[in-house]
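Trainee: Got a predicted structure plus its sequence, pasted below:
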Amino acid sequence: EVRRAIGSTLESGETTLETVAAQLNITPRRLRTQLSEANTSFQQILSDYRCRLAKKLLANTNESVERIVYLTGFSEPSTFYRAFKRWTNETPVEYRKRKQR
């Protein structure tokens with residue numbers, strides 16, 4: 001449910017704990033508590049969601065990397081590139097080339 005709410009707010013750039021909690025009709029504190037009880041955090045779920053979405057878009061579409069930056073909710077390409085490199089040890093371009101062979 002949290003992942004679905006993240007997905008629906010990602011492109012708008014409004015993906016915060018507060019906006020996701022509001023979509024789920026619970027308080028931010030309650031959401032944080034529930035995630036903690038599940039041994040995760042909002043930032044971890046958001047990062048995992050962005051990583052999976054970026055990998056899927058790079059491997060299965062011809063969307064430009066610049067567009068994927070936007071679609072995954074990043075405001076700056078440099079931040080996306082750093083995050084992607086941290087997730088995969090590859091640049092987005094390297095990942096795409098390897099996956100589209």
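Mentor: In hand now; what should we look at?
Trainee: The chain: helices as residue ranges?
Mentor: Counting by DSSP state H, the segments of the chain that form helices are 2-9, 17-23, 28-37, 42-60, 65-71, 77-88, 92-99.
Trainee: can you list the ones you listed in CSV and add mean pLDDT?
Mentor: Formatted as CSV, the helices of the chain follow (pLDDT from 0 to 100):
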stretch, mean pLDDT
helix 2-9, 84
helix 17-23, 92
helix 28-37, 95
helix 42-60, 95
helix 65-71, 94
helix 77-88, 97
helix 92-99, 95
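Trainee: Now mean neighbour count too, for those helices, in JSON lines please.
Mentor: Quick note: C-beta positions are derived from backbone N, CA and C, even for glycine. Output for the helices of the chain, formatted as JSON lines (neighbours: other C-beta atoms under 10 Å):
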{"stretch": "helix 2-9", "mean neighbour count": "16"}
{"stretch": "helix 17-23", "mean neighbour count": "17"}
{"stretch": "helix 28-37", "mean neighbour count": "13"}
{"stretch": "helix 42-60", "mean neighbour count": "16"}
{"stretch": "helix 65-71", "mean neighbour count": "16"}
{"stretch": "helix 77-88", "mean neighbour count": "15"}
{"stretch": "helix 92-99", "mean neighbour count": "16"}
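Trainee: residues contacting Leu35?
Mentor: Shown in contact with Leu35 (C-beta atoms under 8 Å, 6 or more residues apart in numbering): Val2, Ser41, Phe42, Ile45.
Trainee: try 6 Å this time
Mentor: Under the criterion of C-beta atoms under 6 Å, 6 or more residues apart in numbering, the neighbours of Leu35 are Ser41, Phe42.
Trainee: Please tell me how far it sits from Asp48.
Mentor: Leu35 is 12 Å from Asp48, where distance means C-beta to C-beta, to the nearest Å.
Trainee: Kindly report the same for Ala83.
Mentor: Taking C-beta to C-beta as the criterion, Ala83 is separated from Asp48 by 11 Å.
Trainee: Next, give phi and psi for Thr72.
Mentor: Backbone dihedrals for Thr72, given as degrees, to the nearest 10, come out at phi -90, psi 0.
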